[in-house]
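Novice: Kindly generate the corresponding structure for this input.
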Amino acid sequence: MLKRILFLLVVSLFSSSVLLAQVTTAVLTGDVKSNTREPLVGATVVATHLPSGTKYTTVSRTGGQFTIQNMRVGGPYLIEVSFVGHKAEKYDNVFLQLAEPFLLNAELTSATAALENVVVSSRRNSILNAGRTGAVTNVGSRQINQLPTISRSLNDITRVTPQANGASIGGGNYRQNNFTVDGSDFNNSFGIGSNLPAGGAPVSLDAIDEVSVNVTPFDIRQSGF
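Specialist: Reported below is the predicted structural model:
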C-alpha cells in the first residue's frame, strides 16, 4: 500500500513538471492605487516589448487589480500606467520569466490639471421654431449630389420626404402639387398642359441649389393648389 502511494506521488509530480514545461509565455499582474492607497478602477496598463514592439494593453478591474497573460518571455519591457486625474508612471527594464508571474504594484500620484476654456456653440433648431408653416423637408445641394439617382428626376430627390411616394405627396394625386422655381409657379412648363408632366425633368438637377417640399402649408402665400 505504501509503495502504491509513493508511486502515485511520483507520477503526480512528474505530471506537474510536464505541465509546467508546456507553458511558453509570461504573465504580468498587480494592482494600481493612488498615493492615498485608494484602488483605481479603469486605469490603463500598457506593456511594450521593446525588441519586437509588441504591445499588451489592459484595464484595471475591481480593487485596481490587473492581469496580462500570454506575454513574450524576456524583455526589456516598458510598462506605462495611466489614469484620469493622476500622473502617469513608467517602469522600464522589466524582464519577464517563463511561467512566473511578474508582480507590479503601481502607485499613481494625484495631479491637478488646469483645463482650458471650453466654448460650446449651437445653432437654432430648424425644425422646432415659430417661423415654420407646416411640415417642410429641405434638401441642399450637397445632399442632392450624394443621393443616388438613375433618371435624374426630382422624384429621386423628393423621396427623402416621409410623406412622399414618387410624385405623390401625402397620398394625393401629383396633379394637386404646386411646383415653383425661385418662387414662381412652374406647373405648365411647356404651355400645353395644366400640370407639370410626371415623368418630365424640365429643370436639370445641376441647376438646383436646394429643394423644399412643403406638405399642406398653412402659409397664405403658399396657396392655390
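Novice: Could you use CA atoms for every contact and neighbour count after this?
Specialist: Fine.
Novice: domain ranges for this protein?
Specialist: Following automatic domain parsing, one gets these domains for the chain: 20-108, 135-215.
Novice: which of the ones you listed sits most buried?
Specialist: domain 20-108 (a mean of 17; mean count of other C-alpha atoms under 10 Å).
Novice: how far is it from where the chain is centred?
Specialist: Put simply, domain 20-108 sits 28 Å off its chain's centre (C-alpha atoms, centre = their mean, to the nearest Å).
Novice: what about stretch 166-174, how long is it end to end?
Specialist: Length of stretch 166-174, first residue to last, C-alpha to C-alpha, to the nearest Å: 9 Å.
Novice: For the chain, just list every one of the strands.
Specialist: Secondary structure of the chain (DSSP state E): strands located at 26-34, 44-49, 54-59, 65-71, 74-82, 89-96, 102-108, 135-140, 164-165, 168-169, 180-181, 184-185, 210-215.
Novice: Just give me the lowest mean pLDDT stretch among those strands.
Specialist: Ranked by mean pLDDT, the strands of the chain end with strand 184-185 at the bottom, a mean of 70.
Novice: Show me what it pairs with in its sheet, parallel or antiparallel.
Specialist: strand 180-181 (antiparallel) (DSSP bridges).
Novice: follow-up on the earlier one: go through the strands of the chain and name the closest to I150.
Specialist: With C-alpha to C-alpha, the closest approach to I150 among the strands of the chain belongs to strand 164-165: 16.5 Å.
Novice: hmm, back to that, let me have the domains of the chain in a markdown table, adding distance to V118 as columns.
Specialist: Listed next are the domains of the chain as a markdown table, based on distance: least, C-alpha to C-alpha, whole Å:
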| stretch | distance to V118 |
| --- | --- |
| domain 20-108 | 18 |
| domain 135-215 | 30 |
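Novice: List just the one of the ones you listed that sits closest to R221.
Specialist: domain 135-215 (10.1 Å).
Novice: got the end-to-end distance for that closest one?
Specialist: 5 Å.
Novice: For beta bridges, what are the partners of the residue lying closest to Y91 once chain neighbours are set aside?
Specialist: Using C-alpha to C-alpha, 6 or more residues apart in numbering and skipping residues adjacent in sequence, the residue nearest Y91 is I79, 5.0 Å away. Following DSSP bridges, I79 is listed with bridge partners A47, Y91.
Novice: does I79 really touch L50, like I thought?
Specialist: No: under the criterion of C-alpha atoms under 8 Å, I79 is not in contact with L50, lying 10.2 Å apart.
Novice: No further queries at this time; thank you.
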